[in-house]
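*Asks:* Structure, please.
(one chain, ligands or ions: 1)
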Amino acid sequence: MLVPTPLSEEHFRGQIGRVGLLNSFHDSQETTWRVRRIGGDVAEQGVIERTASVLARLSNLSVGEYIRRHTLIPYQSFYHRTHWSHVGGRWPFTTLGSSSNNVARYCELCTADDIELHGFSYWRRGHQLPGMMWCLRHKIPLRQHQRKHAFDILPQNAKGSAVTDLGFDTASSVIHRFLRISELLLEIQQPIEESAFKPRLVKMALARKLRTGLTGSNPPPSDIVVNTCSESWLASVFPGIEGKRRNEFFVAIDAATRSSPANSATASFAIVLSIFFDDASEAVKWLFDDSPGQDSR
Ligand SMILES: [Zn+2]
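*Replies:* Modelled structure (predicted):
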């Protein structure tokens, strides 16, 4: 079986697609099945996990490196340090399967650059982040290729429609920061423990007279988010937000600053940071800086 080396920032589903193209397999389902069969001694159990593990080995990368460079796991699990150390200094493998195989996004200018450089184009993982609607490098709308096994063809052959009509220059600065923070979280080398920053985040919310519990008279952070982001974009990242009423606790956002333990996702932390900070790099730096005095903001 021919297995191409993954390219810089290539999404693992794209690499699976290229393995399929090179070996004339029917689709990514057949490719994952064939790839899995090679890796008899791979520990991972899930279909996608096992496939990624074997691809890592065939690409001469450790599983950890492969996950760090070619999946969205660093973004999804940046606050899972405990789990990370439990699995022997590797990213937790738990969320790999959740990135959809039916929607693939690409940038037309990146595609053109790739063809010039490599002779073909490939799928970048940063473009697949939740809510990503532009290429942050080229500042043009990404295009969305939607069908079963969407990564099975190269971006240059995909017929995609624009993800958004919202112009890069006219969109809210909160959305811009959210996307940049998401990109930065994808690049982090090691996860952090949620408890290392969550109390500081709660404190920041209280200092802004925002609510950190289910009930209360102050507005929850989600009220500010609704007022500063376009409705269609918000609905794509936080389904159900369309029905949210003013002053109502919206768990997918407000869990990030809830004072009692709550199940949060990365997007909830990223959006709350986007309304608390003016600068994305500063926000991410603050998140990882747990030295004393950093909570006085
Ligand atoms: Zn681009």
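
*Asks:* Can you give me the domain boundaries for the protein?
*Replies:* 12-87, 103-170, 174-287 (automatic domain parsing).

*Asks:* got those as a markdown table, with mean neighbour count columns?
*Replies:* No exception for glycine: its C-beta is placed from N, CA and C like everyone else's. As requested, the domains of the chain are arranged in a markdown table below (neighbours: other Cβ atoms under 10 Å):
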| stretch | mean neighbour count |
| --- | --- |
| domain 12-87 | 19 |
| domain 103-170 | 18 |
| domain 174-287 | 18 |
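
*Asks:* for the ones you listed, which one sits closest to residue 2?
*Replies:* domain 12-87 (4.4 Å; Cβ to Cβ).

*Asks:* Please name the nearest non-neighbouring residue to residue 4.
*Replies:* Sequence neighbours aside, residue 18 is the residue nearest to residue 4 in space, at 5.1 Å (criterion: Cβ to Cβ, 6 or more residues apart in numbering).

*Asks:* I'd guessed the one you found sits against residue 122; true?
*Replies:* Yes - using Cβ atoms under 8 Å, residue 18 makes contact with residue 122 at a distance of 7.0 Å.

*Asks:* low-confidence ranges in the stretch 51-200 of the chain?
*Replies:* Regions of the stretch 51-200 of the chain meeting the criterion pLDDT under 70 cover residues 86-89, 93-99.

*Asks:* one more time with 50, if that's ok
*Replies:* Counting by pLDDT under 50, the stretch 51-200 of the chain contains no low-confidence residues.

*Asks:* Which positions in it make contact with the ion?
*Replies:* 107, 109-110, 135, 137-138 (Cβ under 5 Å from the ion).

*Asks:* Please enumerate residues in contact with the host helix or strand of residue 14?
*Replies:* Per DSSP states H and E: residue 14 is located in helix 12-22. Here helix 12-22 makes contact (Cβ atoms under 8 Å, 6 or more residues apart in numbering) with 1-4, 6, 25-28, 30-32, 35, 51-52, 55, 59, 66, 70-71, 99, 101, 104, 122-125, 149, 151-154.

*Asks:* again, only using 7 Å
*Replies:* Helix 12-22 has contacts (Cβ atoms under 7 Å, 6 or more residues apart in numbering) with 2-4, 6, 27-28, 31-32, 35, 51-52, 55, 70-71, 101, 122-123, 151-153.

*Asks:* And the residue in the stretch 151-297 of the chain that the ion sits nearest to, how close does it get to residue 49?
*Replies:* Sorted by distance to the ion under Cβ to the ion, the residues of the stretch 151-297 of the chain start with residue 155, at 10.5 Å. Look at residue 155 and residue 49: by Cβ to Cβ, to the nearest Å, they are 25 Å apart.

*Asks:* Quick check: closest non-adjacent residue to residue 138.
*Replies:* Using Cβ to Cβ, 6+ apart and skipping the chain neighbours, the partner closest in space to residue 138 is residue 109 (4.2 Å).

*Asks:* Mind telling me what element the one you found is part of?
*Replies:* Assigned by DSSP H and E, residue 109 belongs to helix 108-118.

*Asks:* the helices in the stretch 151-297 of the chain, which residues?
*Replies:* With DSSP state H, counting those that start in this stretch as the criterion, the stretch 151-297 of the chain has helices at 173-186, 198-207, 221-228, 231-237, 251-254, 266-276, 280-288.

*Asks:* can you check the stretch 1-150 of the chain too?
*Replies:* All helices of the stretch 1-150 of the chain, identified by DSSP H, counting those that start in this stretch, fall at 12-22, 28-38, 47-58, 63-70, 73-76, 81-86, 108-118.

*Asks:* Can I get the last one in CSV? Just the C-alpha atoms.
*Replies:* If I follow you right, that is helix 108-118. Presented in CSV, the C-alpha positions along helix 108-118 are these (Å, rounded to 0.1, in the frame of the first residue of the first chain):
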residue,chain,number,x,y,z
GLU,A,108,-9.2,28.7,-3.0
LEU,A,109,-6.0,30.6,-2.6
CYS,A,110,-4.3,28.0,-0.4
THR,A,111,-5.3,25.5,-3.0
ALA,A,112,-3.7,27.5,-5.7
ASP,A,113,-0.5,27.9,-3.6
ASP,A,114,-0.4,24.2,-2.9
ILE,A,115,-0.8,23.2,-6.6
GLU,A,116,2.1,25.6,-7.4
LEU,A,117,4.3,24.1,-4.6
HIS,A,118,3.3,20.4,-4.6
